[in-house]
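Enquirer: Compute the structure for the input listed below.
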Amino acid sequence: MGGAGATSGNGARRLLGIARKSLVLITFISNVLAAFALWACCYTTTVEPEIHPRLSLVGLVFPFILLANLAFIPIWMIVKLKRCWIPIVLILPVIGYVLDYCPVNVQREVPSDCIKLLTWNSDNYGRELGDRDSARNLTREYIRNCDADIICLQESNIGAKITQPLYDYTDSAGYERATYLGMVLLTRFHIINSDTIHYESYVQGTRSHNGSMWFELEYFGDTILLVMNHLESFRLDHESRQEYNDMLESIEDMGYENIKQTGLFLSDKMIQSEALRGPQTDSLCAFIDRHKDRPILMCGDFNDTPISFTYQQISKRLKNAYRESGRGVGISYNQKGFWVRIDHLFVSSHWQTYKTYIDKSIDVSDHYPLVSWLKMD
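Expert: From the prediction side, this is the model:
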């Protein structure tokens with residue numbers, strides 16, 4: 001009887017051991033597959049959007065794939081504590097992309113001789129708000145209190161009646177002004193020269209906010225190049241965004257076909273924009289390459305996240321200010337279901353950035369402002 005009981009106990013232990021080994025193996029395989037998905041997501045940033053625009057949308061799911069990989073740390077703590085290092089090691093090959101998306105920096109003291117730069121898509125000073133006068137007043141007060149040396153506004157040049165009160169203040173405060181398409185530059189540094197960077201853009205009717213323009217500014221006895229941008233947008237008008245929000249709120253009641261049609265409609269718009277944004281990025285990179293020995297500041301609404309062809313190609317040539325001196329994910333586009341950072345500031349190696357952040361203190365636009373303090377080495 002005792003021998004039979006011992007044999008039965010040994011069999012149970014063997015089965016338990018096999019189950020544990022199987023669980024470890026399944027967890028390991030799942031972890032590796034999640035890592036491959038993360039690596040593939042990062043790899044898509046090297047593919048020209050003009051050739052494979054659908055691949056360019058993969059970067060939008062990067063945070064979810066990253067979270068899935070990080071979830072294996074507590075899973076390994078339960079399954080086999082000694083293997084907690086596996087997900088960390090598998091993330092290391094793409095740690096640069098992780099830090100692009102969510103940088104971790106110690107805040108440095110801002111020297112007194114830094115300049116302050118503000119870039120902001122103002123959405124025509126609260127275009128979709130009911131009280132436009134209040135939104136314009138808030139915008140004007142925000143810009144006045146920010147007291148930046150260089151102010152780059154996108155979707156902001158919309159007629160004298162709306163903009164003149166702002167310009168009255170900036171003119172009296174000693175700013176020079178330049179406008180291009182829907183963009184406005186306000187700067188305390190003298191504008192010596194300027195021109196556009198030519199590339200193809202989708203123009204619906206006669207109005208477009210997409211474009212890039214460079215300025216040569218006088219800078220304490222030297223000169224710098226400032227490039228202000230609004231790259232191809234996803235063309236999601238108010239109606240399209242509302243449709244998307246409605247889908248998120250009532251996804252259980254919409255039915256598969258309605259969700260599918262809405263998803264395809266939105267993705268088609270985004271794919272068309274991605275195909276145009278790739279060549280626009282190539283034009284910006286060519287400009288940087290032509291002026292690689294000069295101090296450059298390149299900012300604006302790029303309509304692309306850090307996990308994108310646009311961001312990665314430019315960051316091969318210039319430093320990203322938020323990556324260098326920002327902290328956290330830094331969401332600059334604040335509409336429901338589209339919480340991403342698509343507003344950027346890139347700087348040449350001539351510059352040090354001491355503090356860069358997304359300012360959520362004003363919400364009249366669908367974008368938050370990006371603010372940075374810089375100093376030329």
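Enquirer: all contacts plus neighbour counts: C-alpha atoms, from now on.
Expert: Noted.
Enquirer: Setting aside sequence neighbours, what's the nearest residue to A35?
Expert: Once flanking residues are discounted, A35 sits nearest to L90: 6.0 Å by Cα to Cα, 6 or more residues apart in numbering.
Enquirer: For G211, the count of nearby residues, please.
Expert: 21 (other Cα atoms under 10 Å).
Enquirer: List the contacts of it.
Expert: Counting by Cα atoms under 8 Å, 6 or more residues apart in numbering, G211 makes contact with 181, 196-199, 201, 229-232.
Enquirer: let's see it at 6 Å
Expert: Applying Cα atoms under 6 Å, 6 or more residues apart in numbering, one finds that G211 lies in contact with 229-230.
Enquirer: Dig out what it forms beta bridges with.
Expert: Note on G211: beta-bridge partners by DSSP bridges are H230.
Enquirer: Would you mind measuring from it to N124?
Expert: 16 Å (Cα to Cα, to the nearest Å).
Enquirer: before we move on, what about P369?
Expert: In this view, P369 and N124 are 13 Å apart by Cα to Cα.
Enquirer: between these two, which one's more packed in?
Expert: P369 (25 against 22).
Enquirer: Return the per-residue confidence for the more buried one.
Expert: At P369, the pLDDT value in this model is 97.
Enquirer: Contact partners for it?
Expert: By Cα under 6 Å, 6+ apart, the neighbours of P369 are 119-120, 358-359.
Enquirer: now, which of the residues you listed lie within strands?
Expert: 119-120, 358 (DSSP state E).
Enquirer: Switch those residues over to CSV; also include pLDDT, neighbour count and distance to K80.
Expert: Formatted as CSV, the entries for the ones in strands among the contacts of P369 read as follows, by pLDDT from 0 to 100; neighbours: other Cα atoms under 10 Å; distance: Cα to Cα, whole Å:
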residue, pLDDT, neighbour count, distance to K80
T119, 98, 26, 48
W120, 96, 26, 48
I358, 97, 26, 40
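Enquirer: Now tabulate those in CSV and tack on distance to I191.
Expert: Formatted as CSV, the ones in strands among the contacts of P369 follow (distance: Cα to Cα, whole Å):
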residue, distance to I191
T119, 17
W120, 20
I358, 27
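Enquirer: just the residues you listed now: which is nearest Q154?
Expert: Lowest distance from Q154 to the ones in strands among the contacts of P369 (Cα to Cα) belongs to W120, with 6.2 Å.
Enquirer: Next, the buried residues of stretch 350-366.
Expert: Buried residues in stretch 350-366, counted by 16 or more other Cα atoms under 10 Å: 351-359, 363-366.
Enquirer: would you list those residues in TSV and tack on distance to Y175?
Expert: Formatted as TSV, the buried residues of stretch 350-366 follow (distance: Cα to Cα, whole Å):
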residue	distance to Y175
W351	22
Q352	24
T353	23
Y354	24
K355	23
T356	22
Y357	23
I358	23
D359	22
D363	24
V364	23
S365	23
D366	26
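Enquirer: In helices, which of these appear?
Expert: Among the buried residues of stretch 350-366, no member falls in helices (criterion: DSSP state H).
Enquirer: average pLDDT for stretch 135-149?
Expert: Averaged over stretch 135-149, pLDDT sits at 89.
Enquirer: List of residues touching it?
Expert: Contacts of stretch 135-149 (Cα under 6 Å, 6+ apart): 116-117, 125-126, 166, 187-188, 364.
Enquirer: which of those residues tops the neighbour count?
Expert: Y125 (26 neighbours).
Enquirer: and the top helix by length along the chain, what does it pack onto?
Expert: The longest helix of the chain (DSSP H) is helix 2-43. Applying 3 or more Cα pairs under 6 Å, 6 or more residues apart in numbering; DSSP states H and E, we find helix 2-43 packed against no helix or strand.
Enquirer: next SSE after that helix?
Expert: Note on helix 2-43: by DSSP states H and E, the next helix or strand toward the C-terminus is helix 53-56.
Enquirer: pLDDT on the helix or strand that that following helix is followed by, on average?
Expert: Once helix 53-56 ends, the next helix or strand along the chain (criterion: DSSP H and E) is helix 62-70. Rounded to a whole number, the mean pLDDT of helix 62-70 is 96.
Enquirer: and the helix or strand following helix 62-70, which residues are buried?
Expert: Helices and strands here follow DSSP H and E; after helix 62-70, the next one along the chain is helix 72-79. Residues 72-73, 76, 79 are the ones in helix 72-79 that count as buried (16+ other Cα under 10 Å).
Enquirer: Thanks a lot, catch you later.
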